[in-house]
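>>> all I have is the shape, not the residue letters:
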């Protein structure tokens, strides 16, 4: 089993040493940052499973770091433990208000620290079936999000996002580049939702190259348009120059036969309850799968919105 990655951030070298020695290296991979700016850069480069951050740090303090990360749809589910000074009740409250999942007071007992790390990671896994590659919410969370909107009887839209020709790309370039493609797709989707959507919009990762957007009926078109527009620009960097110039790659299809496949494109099927009423999630997913297949048949990046009554 892969080790959980923990990023520890503190400008005090002695505290970093104590943290590192308190966390068993046979269970966890520990990465260090000496200020808030470095911590943020390391989180964005490769999100850890847990961030342990001091409250008082140069460049970006723990509260500001926490607030920024919790506003990012792609990172808001990453648990954060805040380190505060003894007796600094205000720092504890401000840290929790900023979105920290737990706090521990310095100087701390190593056994208590380890117990809190395990508790926060366990609670995070229970609360969020996060996709390991993107850290986006998984199937259980997606189901709950759609069901919540159905029960609230509010108008909503669900976009089912899928990549076309991804298998050929993955086989030709390998799993590392395939993973990069999926992570790039996640970022394109998240940025579009952040730019064009509303604060309570939701992005989930079903698995593989399938994503879900749950949002407002009046912003879903703008979100999809930005995804379609930005996807091709962003994914060009994943191809070798010669393949990009040709506009296709040669690989194998699902039957193992040699095939010529165009560059990866993105398809989105959008389901809304503007013209029909849903009573359970299966109705939404069934129509979504149908629309997504229709969008894929166009052989180019596009989205299709269901307008049937």
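Arrived safely, thanks for sending. Worth saying up front: this structure is predicted, and the values here are computed from it rather than measured. Residues are numbered from 1 along each chain as shown.
>>> mind checking what secondary structure residue 29 has?
Following DSSP: H, G, I helix; E, B strand; the rest coil, residue 29 is assigned to strand.
>>> what's the distance between it and residue 4?
7 Å (Cβ to Cβ, to the nearest Å). The way it works is simple: take the backbone N, C-alpha and C, and place the C-beta from them, glycine included.
>>> the two: who's more crowded?
Neighbour comparison, residue 29 and residue 4: the larger count goes to residue 4, with 17 against 14 (by other Cβ atoms under 10 Å).
>>> which residues does that one bridge with?
residue 28 (DSSP bridges).
>>> burial count for the nearest residue to residue 177 once chain neighbours are set aside?
Closest residue in space to residue 177, ignoring its immediate chain neighbours: residue 238 at 6.2 Å, by Cβ to Cβ, 6 or more residues apart in numbering. Neighbourhood size, residue 238 [other Cβ under 10 Å]: 17.
>>> one more: residue 249?
A count of nearby residues for residue 249, using other Cβ under 10 Å, gives 22.
>>> was I right about it contacting residue 258?
No - Residue 249 lies out of contact with residue 258 (Cβ atoms under 8 Å); the separation is 11.4 Å.
>>> just the strands in the stretch 1-150 of the chain please.
4-9, 28-33, 50-54, 80-85, 102-106 (DSSP state E, counting those that start in this stretch).
>>> tell me which element residue 295 falls in.
helix 281-296 (DSSP states H and E).
>>> chain center to that helix: distance?
22 Å (Cα atoms, centre = their mean, to the nearest Å).
>>> residues contacting that helix, please?
The contact list for helix 281-296 (Cβ atoms under 8 Å, 6 or more residues apart in numbering) reads 143, 146-147, 150, 158, 160, 162, 164, 267-271, 278, 302-306.
>>> buried stuff in that helix?
281, 283-285, 287-288, 291-292, 295-296 (16 or more other Cβ atoms under 10 Å).
>>> tabulate these (a markdown table), appending distance to residue 19 and pLDDT.
Below are these laid out as a markdown table (distance: Cβ to Cβ, whole Å; pLDDT from 0 to 100):
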| residue | distance to residue 19 | pLDDT |
| --- | --- | --- |
| 281 | 42 | 91 |
| 283 | 49 | 92 |
| 284 | 45 | 93 |
| 285 | 44 | 91 |
| 287 | 50 | 92 |
| 288 | 45 | 91 |
| 291 | 49 | 93 |
| 292 | 45 | 91 |
| 295 | 48 | 92 |
| 296 | 48 | 90 |
